[in-house]
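Participant: what would the 3D arrangement of this be:
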Amino acid sequence: MSLPRVAVVTTGGTIDALGADRLDLAAYLETGRRLQPGELLDSVAPELATIARITEVPYERVAAHAMTDAYLAGLRDLVAEILARGDADGVVITHGTNTLEETAWLLHLTVATEAPIVLTGAMRPASALSADGPLNLVEAVRVAASPAARGLGVLVVMDDTIHGARDVTKTNTLRVDAFSSPMTGPVGRVDGDGRVVITSRPARATTLRGAYAAVDLRALSRVDVIASYQGADGALIDAAVAAGARGIISAGTGDGYPTPWQVEALARASAAGVVIVQSTRVGSGRVPPLPALILRGWIPADDLIPWKARILLRLALAAGEDIPTIRDRFGAD
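Facilitator: From the prediction side, this is the model:
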């Protein structure tokens with residue numbers, strides 16, 4: 001039987017970065033050095049050849065925290081085109097870890113496909129002693145080539161673990177086990193013998209997979225995330241409105257509490273037509289539809305973290321959805 005076909009799109013990040021020496025595990029981005037095009041896949045070519053027929057699709061390599069709407073739009077279009085042409089049974093994207101979870105969620109919402117789309121990266125540069133990138137890449141290809149991964153939406157594979165796009169988040173700045181899914185746990189793992197084991201199917205956001213495929217990602221409205229903390233006033237909220245924000249994600253304390261002064265500013269923003277989504281800064285847990293929140297016309301983010309709430313709100317606004325529809329989107333299964 002012929003091997004499955006997997007396209008590997010390379011966007012840069014720690015996985016192909018080169019540090020000053022083998023123990024440079026923190027400041028390596030400051031060298032500005034990277035592997036040459038093709039070197040990352042060449043380093044694991046014998047292993048990949050036993051798993052899938054690989055096509056490398058180079059994309060502009062940038063740091064994850066420097067990605068723009070235009071860059072992400074191009075990436076989405078590229079992935080959608082690869083799959084629409086039937087050129088691959090699955091797609092792997094190498095990506096910097098700083099915003100990997102955001103790109104995974106964006107692609108989940110904007111690419112309509114049953115084929116596996118898998119993002120991976122590294123917490124140690126390619127030059128490091130015991131670099132984690134090569135094995136992460138091999139395991140991501142294993143998942144993208146696996147029939148068991150079809151229909152699960154966009155996935156993230158890091159440190160032998162498979163996560164769903166909605167729930168995964170980066171929870172540590174340096175450790176190789178930096179990614180977790182606090183509310184749901186992972187959807188599976190890649191074992192040492194190479195077996196892809198799916199232990200649970202994502203139950204949330206299945207109805208949202210590809211729901212915004214028609215949205216122009218180059219023409220999204222401004223939506224800002226504003227955190228709460230002791231003594232926070234409404235200055236940043238007022239500034240966001242003045243800058244043209246059509247939506248604000250309020251990352252409140254606890255299960256969704258801005259300060260009294262932020263509430264006043266959010267009320268002014270809401271009265272001006274700005275859509276308010278109430279999230280939490282906690283890192284896990286739901287923002288319930290409390291009576292006061294609903295009375296104000298604000299939208300509870302459920303358990304969607306602030307930066308992912310921002311992505312969903314921007315897409316919903318671009319699609320012309322009204323407040324009741326957007327509220328349903330945040331609670332969607």
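Participant: what separation do you get for the closest residue to L220 other than its chain neighbours and A49?
Facilitator: With sequence-adjacent residues excluded and distances taken as Cβ to Cβ, 6 or more residues apart in numbering, L220 is closest to R314, at 4.6 Å. C-beta: built from backbone N, CA, C; applies to glycine. Distance of R314 to A49, computed by Cβ to Cβ, to the nearest Å: 40 Å.
Participant: contacting residues for the residue nearest to L220?
Facilitator: R314 makes contact with 220-221, 223, 247 under the criterion Cβ atoms under 8 Å, 6 or more residues apart in numbering.
Participant: so which of the residues you listed are in helices?
Facilitator: Among these, no member falls in helices (DSSP state H).
Participant: make a PyMOL selection of the buried ones in those.
Facilitator: To isolate the buried ones among those in PyMOL, judged by 16 or more other Cβ atoms under 10 Å, type:
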select buried, resi 220+223+247
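Participant: now V111, nearest residue through space, not along the chain?
Facilitator: That would be A80: by Cβ to Cβ, 6+ apart, it lies 5.2 Å from V111.
Participant: what sits against the one you found?
Facilitator: Taking Cβ under 8 Å, 6+ apart, we find A80 in contact with 110-113, 213.
Participant: which one of those is nearest L129?
Facilitator: V111 (36.6 Å; Cβ to Cβ).
Participant: so the closest one touches V79, yeah?
Facilitator: Yes. Counting by Cβ atoms under 8 Å, V79 is a contact partner of V111 at 5.8 Å.
Participant: what do these two both touch?
Facilitator: Jointly contacting V111 and V79 under the rule Cβ under 8 Å, 6+ apart are I117.
Participant: can you show me the helices along the stretch 201-333 of the chain?
Facilitator: Taking DSSP state H, counting those that start in this stretch as the test, the helices found in the stretch 201-333 of the chain are 235-242, 260-271, 291-295, 306-318, 323-330.
Participant: then the stretch 1-150 of the chain?
Facilitator: Under DSSP H, counting those that start in this stretch, the stretch 1-150 of the chain gives helices at 39-42, 45-48, 69-84, 100-110, 133-144.
Participant: JSON lines for those helices, including mean pLDDT and distance to D24?
Facilitator: Below are these laid out as JSON lines (pLDDT from 0 to 100; distance: least, Cβ to Cβ, whole Å):
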{"stretch": "helix 39-42", "mean pLDDT": "97", "distance to D24": "18"}
{"stretch": "helix 45-48", "mean pLDDT": "98", "distance to D24": "25"}
{"stretch": "helix 69-84", "mean pLDDT": "98", "distance to D24": "27"}
{"stretch": "helix 100-110", "mean pLDDT": "98", "distance to D24": "21"}
{"stretch": "helix 133-144", "mean pLDDT": "98", "distance to D24": "14"}
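Participant: tell me the most buried of the ones you listed?
Facilitator: Ranked by mean neighbour count, the helices of the stretch 1-150 of the chain are led by helix 100-110 with a mean of 25 (mean count of other Cβ atoms under 10 Å).
Participant: tell me the angle that helix makes with helix 306-318.
Facilitator: 30 degrees (axes from the mean of the first three to the mean of the last three Cα atoms, to 10 degrees).
Participant: which other residues reach helix 100-110?
Facilitator: Outside of helix 100-110, the residues within contact range by Cβ under 8 Å, 6+ apart are 13, 64, 67, 72, 75-76, 79-80, 93, 95, 117, 119, 121, 153-156, 165-166, 168-170, 179, 205, 208-213, 215, 217, 307-308, 311-312, 315.
Participant: that'll do, ta.
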